[in-house]
Each structure stands twice: as C-alpha cells, then as structure tokens.
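*Asks:* Attaching a predicted model along with its sequence, questions to come.
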Amino acid sequence: MEKRKNPLATEFWTTLSTDELSKRLHELGPDDIVFTPEYYCVSSGQTLPPTDSVRMLVSSSSAPIYTIFSGQLGSGVVGGSMNTLADMGRATRALIDEILEGQVTDHNEVRAPTAMVQLDWRQLHQWNIPEARIPPNAIVHFRPPSLLELYRSQPIVGAFICIAQGALIVALLFERRRRQKTAKALAQSQKQATDVARAARLTFFEWNFDSAAPVGPSRKPSCAPNFTKNEFERVIDEVHPSDREHLRSAVQHAIDRGEELNLEYRTLGPDGRPSWVSVRGHAAPNGQARIAGFCMDINDRKLEQLQSAQDRAALTQMARVSTMGQLSAAIAHQLNQPLMAILCNAETARKMLGRNEPSLEELKRILSDIVEENVRAGDIIRNLTALYRNGVTDRTAFDLNELVLETAELLRAELTARNVVTRVELAPELPAFDGSRIQIQQVLFNLMLNAADAMAETKIGHRLLILRSAMKNESLQICVIDHGDGITPTALERIFQPFWTTKPQGVGVGLTISRTIVEAHGGSLCASNRLEGGAQFCLSLPAQTAT
Ligand code: ADP
C-alpha cells in the first residue's frame, strides 16, 4: 500500500493479514491516526463482529483509532463524526415520509442526517489530545464528572447544615439566656422565700407515711421537714414525752380523715430543753398517707403566753385560796365562841367530877350548855353554806362549753408544767346555762386541779385529763376525768365532807364548796371510779335554768 504525503498522507490497508495488520498498527508513530469504517474479515476467513474487530485493532495500535459508528464508542476508539443508529432511523423515516408525500422526486435531494463529532474522553486523555482541540459542538462521552458535579449536593447539604447549626446555636443561646433569667428569678424568689421563712421561723415539710423512700434530703430535728414512715418513730423520739401521744394521734386523725393538722407540741433539744413548735399541714386528699405543711418555731411566744397564763392562773388560784381562806377564817371565827364555851363547860364538868360529891344538877346544866353550844356551832356552819347557796347573785346566761375551754386554757401552763395533756370532748350546741359563771368556773378549777394532783404518780405520757360535756336526761353534764389511781372506797364516802383531805398541804374544803355551789345552782356533783382506771367527777346542772 502506498503512503501518501502532505497535506495529509493516507494509507488504505485492506488486504493485510491479521498479523501484518497488527504489526503495522504497532509500528505507527505519534503523528499517525487510524480510521476504520469497520473490520470484519481475518486472514483465516473468519468474520469478526465489528466490536471485536475494533477491539483487536485497538489492542495492537500505537496510534489513536477513529471510526464512524457510535456503536464502537467505548471499545477503545477515540471517536469520530458519526450518527447513532437511532438518528439514522429517524432520518430515514423522515425521508420516506417526504418521498411518499411527493416532496422528494430526485435522489439528489436526499440528504444524509447531520453527523455529530462524538469522542471518548478517556481516549482523548490517553492520546494526550488537548481539550482545546475538541470541536465546540462535539459530544464527549465518558467524561468523569467534575468535582463540582461530583459534590454538587454536598455544598448544599453543608450550607443547610451550617444554617441549621447556626439557627440551633442562636436558639440555644436564647434558651440559655432565658434559663439563666428564670434560674436567677427562681433563686431570687427562693431567697426571698427562705428569708421570709427564716424571719418567720418557718420550715416547710412533707411527711410521707406511704413510701419507704425519703421525700427530701434534709431533716432538722426541731421540726423534721421531711420524713418517711420509717423515720416517724425517730421524729417522735425527739418530741417531749408528754406530747408524743398527742402528735401521734393528731397525725393519724389528719391522715384518716384527710383533714388539717394543726397543733402545738414540744421538741427536745440536744441539751434536753423543750422548745415549742407549731405545726400546720394538710393531708393529701386522694387517700395517700402524706401531709405537707409548715412548722413554726413558737418557743418565745409560747413561753410568754404560758407565763401570762400562769400569772392569770396564779391570780385565780389566789382568789380561790383567799375565798377558802375567808371561809375558813369566818368558820374559825364564828365557831370560836361556841367551841370556847364547850371547852369551858367541859373543863368545869371534869373538875366537878374530881370533887367528892359533885352536884348532878350542876353537871346536867353544864352538859345542856355543851349541847346548846354544839347546836349553835352546827347552825353557824349551816348558815355559812346557806350564805353560799343564796350567794348565786351574779346570774348570767353563758355557754358551758366555752367556759370549759376558757378554764382549760387558764390552767394550761400549770397542767403543762405537770406534764398533763388535756383532751376536750365537747357536745355540740349545748343550750346556754343561766348561773354564776365565776362560781361554776371555780368548781371546774377545783376539779381539774384535783385531777392533776391525782395523776402526780401516773407515768409521764399517760397523764391525760379529759373534759367532757354532754346533754343527759335534760341536764347539762360536765365531767372531769383523770387517769390517776382513783378514789379509795373510804375516801369516796368522805371526800365531800368539810376539812377532809389526804394531801399534806390540803385544806379539804374544795369539794365541799364545789358541791355547795353546784347545789346552789339546783344541780348535783358526784364522784366515781372508772372501770378503765382513774376517777371522774361529774356535775349535772338543770337544763331548765337555761335561758
Ligand atoms: P383538797 O384538795 O384540799 O384535799 P378537796 O375537798 O378538793 O380538798 O379534796 C378532798 C380529797 O378528795 C382530796 O384530798 C383527795 O384525797 C380526794 N380527791 C379529790 N379529787 C380526787 C381525784 N380526782 N382522785 C382521787 N381523789 C381525789
């Protein structure tokens, strides 16, 4: 085959054997190119399919190979001006339509479809063909995507993430600021609350009897802000023995009925000194054994209150003692004369009996005088009690329940000092009573102090004084019940007798006067022992005297 020179030397290799062809292709230089329309036959006569023949050329060639069939792209050829089979099909169909419509009559008018330069980017790269030499309209296949194409979505996602992060950071900053503000406000209001609570000596608490888990972290012994059922006994241990039962039953009562807890009790400090605490709380309404509320240190106020109550009680007792003193003095004074006369007569009679012949007449007269003086002494006592009986002058209508409460309050300090706990059980809506408020109070006063005296030997914690009011058989009844040793059968017969006492410092007129006062009001005063132990003194006052 002849090699043509300039401007473009072309050689046509059509009859070479496969080996020869391979050899020639191999020997080609950097300025050569190969063009193959197709290559089907090898020397053995075997026909190769176009793609295989092109592959065979590509494997041997030292120069780039061009073709006109788009089907060969990707087999190692650089490319060429070519149509796809689809383009050719479409052009053929258009031509047939034009012929059938008579638009084309001359075969010279038949135009081949416009070919497009199509290239394999990988081969361009392999044969060092610069991009500048690629025709502007060329279609370049197998071009690897650019970084921008490859990562087009990442910048968008990245930008979105950045914006989202930014927004999140801003939102978090706002949230942080809001939280800081809230925390500051909370701390401020907590501080205020703490200051107020401290100033008012308040401790808030939640007592939980349901669970064994602690409710709160801290527990101050004085007020026990938070505790569980298991800790309750420890709390009770820190309460004054006289108030333990009181606290226990008040708590139980509040939980059982879902009611308010409101009581004052004493706690014991490490030095064993009692300190007054007021507790107010509400039991959980949904049946939970839980009480929440506050404790208040009321020691100073309480001590002042007790002191003034003690002062008032002392005054009242002084009045009582002075009344008794006056009565005793009056009795002593008035009895002095008949007693002196009796003594004189008795002395004279004794002397007369010492004589040899005593005058019986004289003795008879002396004995008559003694009897007479005795009758006079009796009259004096009767007159004095009658004085009391007729002495109900300051009659007024008053509420007996109120009087019971007032008297209990008056004696509170005295009773507390003696470790006596008072329980008041009052009948609701008692009719008003018409009588001497002061005298009935004096009776209650006597009975309550006697009850406290009777419990002096009772174990601390069991010294319970009950004040009970009731309506019984149309009479108003008030009973003063103690938990002492009770009254012996002998004492029971004599306690209302004047000057009968078992106390070293006793006068023995308290019950006498009390009974006289009650009877002066048309009522009665009775003493009895209780089956459960202890004594009870009940005064009955006729209800018809009510106004
Ligand atoms: P006083 O209290 O000065 O002894 P009272 O007339 O008040 O005088 O009491 C007489 C006596 O009755 C007392 O000394 C006591 O022995 C007995 N007594 C009174 N109250 C009770 C009581 N609640 N329990 C047992 N004995 C009592």
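*Replies:* That came through fine.

*Asks:* what distance separates the start and the end of stretch 282-301?
*Replies:* Start-to-end span of stretch 282-301 (Cα to Cα, to the nearest Å) is 24 Å.

*Asks:* How about stretch 425-442?
*Replies:* End-to-end distance of stretch 425-442: 20 Å, with Cα to Cα as the criterion.

*Asks:* Show the average pLDDT along it.
*Replies:* Mean pLDDT, computed over stretch 425-442, is 88.

*Asks:* please begin residue numbering at 849 from this point
*Replies:* Noted, 849 is the first residue going forward, which turns the last one into stretch 1273-1290.

*Asks:* quick one: it near the ligand?
*Replies:* No. Figure legend: stretch 1273-1290 not in contact with the ligand (Cβ under 6 Å from any ligand atom); closest approach 11.5 Å. Any C-beta I mention is one placed from the backbone N, CA and C, and that applies to glycine too.

*Asks:* in that stretch, what counts as buried?
*Replies:* Buried residues in stretch 1273-1290, counting neighbours by 16 or more other Cβ atoms under 10 Å, are found at 1274, 1278-1279, 1281-1285, 1287-1290.

*Asks:* same question, stretch 1117-1124
*Replies:* 1122-1124.

*Asks:* quick check, nearest of the residues you listed to the ligand?
*Replies:* Proximity of the buried residues of stretch 1117-1124 to the ligand (Cβ to the nearest ligand atom) peaks at Pro1122, which lies at 26.6 Å.

*Asks:* So which of the buried residues of stretch 1273-1290 belong to strands?
*Replies:* If you go by DSSP state E, the buried residues of stretch 1273-1290 have 1281-1284 in strands.

*Asks:* Would it be right to say that Phe1347 lies in a helix?
*Replies:* No. Under DSSP: H, G, I helix; E, B strand; the rest coil, Phe1347 falls outside any helix and is assigned coil.

*Asks:* That one: neighbouring residues, count only.
*Replies:* By other Cβ atoms under 10 Å, the residues close to Phe1347 number 11.

*Asks:* my read: Ala1128 touches Ala1140, true?
*Replies:* No, residue 1128 isn't Ala; it's Arg. No. Assessed by Cβ atoms under 8 Å, Arg1128 is found out of contact with Ala1140, at 10.3 Å.

*Asks:* does Phe1053 sit in a helix, a strand or a coil?
*Replies:* Per three-state DSSP, Phe1053 ends up strand.

*Asks:* can you pull up the bridge partners for it?
*Replies:* Gly1141 (DSSP bridges).

*Asks:* Give me the domain ranges for this protein.
*Replies:* 866-989, 1046-1145, 1152-1240, 1242-1395 (automatic domain parsing).

*Asks:* Flag every residue of the chain that's near the ligand.
*Replies:* 1294, 1298-1299, 1302, 1330, 1332, 1335, 1339, 1343, 1348-1351, 1354-1360, 1383.

*Asks:* so the residue in the stretch 999-1148 of the chain that the ligand sits nearest to, which of the three states?
*Replies:* As assessed by Cβ to the nearest ligand atom, the ligand sits closest to Ser1090 within the stretch 999-1148 of the chain, at 19.0 Å. Following three-state DSSP, we place Ser1090 in the helix state.

*Asks:* ok so, going back, among the buried residues of stretch 1273-1290, which two are most distant?
*Replies:* Taking every pair in the buried residues of stretch 1273-1290 and measuring Cβ to Cβ, the maximum separation is 21.8 Å, between Pro1279 and Gln1290.

*Asks:* Tell me where the chain is predicted with low confidence.
*Replies:* 849-855, 886-894, 957-960, 1058-1080, 1135, 1158, 1160-1182, 1184, 1228-1242, 1392-1395 (pLDDT under 70).

*Asks:* mind listing what the residue of the stretch 999-1148 of the chain closest to the ligand touches?
*Replies:* Residues near Ser1090 by Cβ atoms under 8 Å, 6 or more residues apart in numbering: 1114, 1264, 1267-1269, 1308-1309, 1311.

*Asks:* Same question for Leu1313.
*Replies:* Leu1313 sits next to 1263, 1268-1271, 1296, 1299-1300, 1303, 1328-1331 when contact means Cβ under 8 Å, 6+ apart.

*Asks:* Helix or strand for it, just tell me which one.
*Replies:* Per DSSP states H and E: Leu1313 is located in strand 1312-1320.

*Asks:* Check which element follows that strand along the chain.
*Replies:* Next element after strand 1312-1320 (DSSP H and E): strand 1323-1329.

*Asks:* who does that next one pair up with?
*Replies:* Strand 1323-1329 is paired, per DSSP bridges, with strand 1312-1320 (antiparallel), strand 1383-1390 (antiparallel).

*Asks:* Of those, which is nearest Leu876?
*Replies:* strand 1312-1320 (128.4 Å).

*Asks:* Met1200: what secondary structure?
*Replies:* Met1200 ends up helix, using three-state DSSP.

*Asks:* Now do the contacts for it.
*Replies:* Counted by Cβ under 8 Å, 6+ apart, Met1200 has contacts 1206-1207, 1210-1211, 1214.

*Asks:* Neighbour-wise, which one of those residues leads?
*Replies:* Highest count within the contacts of Met1200 by other Cβ under 10 Å belongs to Ile1214, 18 neighbours.

*Asks:* Could you look up the SS state of that residue?
*Replies:* Assignment for Ile1214 (three-state DSSP): helix.

*Asks:* My guess is it contacts Asn1193. True?
*Replies:* Yes. Using Cβ under 8 Å, Ile1214 makes contact with Asn1193 at a distance of 4.7 Å.

*Asks:* Figure out how far stretch 1308-1319 is from the centre of its chain.
*Replies:* 36 Å (Cα atoms, centre = their mean, to the nearest Å).

*Asks:* need the next SSE after the helix or strand harbouring Asp1227, C-terminal direction.
*Replies:* With elements taken from DSSP H and E, the one containing Asp1227 is helix 1208-1237. Using DSSP H and E, the next helix or strand after helix 1208-1237 towards the C-terminus is strand 1243-1246.

*Asks:* list the helices and strands that following strand packs on?
*Replies:* strand 1281-1284 (3 or more Cβ pairs under 8 Å, 6 or more residues apart in numbering; DSSP states H and E).

*Asks:* Partner strands of the strand it packs on, with direction?
*Replies:* Next to strand 1281-1284 in the sheet, as set by DSSP bridges, lie strand 1243-1246 (antiparallel).

*Asks:* and the angle from the next helix or strand along the chain from the partner strand to strand 1323-1329?
*Replies:* Moving toward the C-terminus from strand 1243-1246, the next helix or strand (DSSP H and E) is helix 1248-1258. Orientation check (axes from the mean of the first three to the mean of the last three Cα atoms, to 10 degrees): helix 1248-1258 against strand 1323-1329 gives 20 degrees.

*Asks:* I appreciate the help and will end here.
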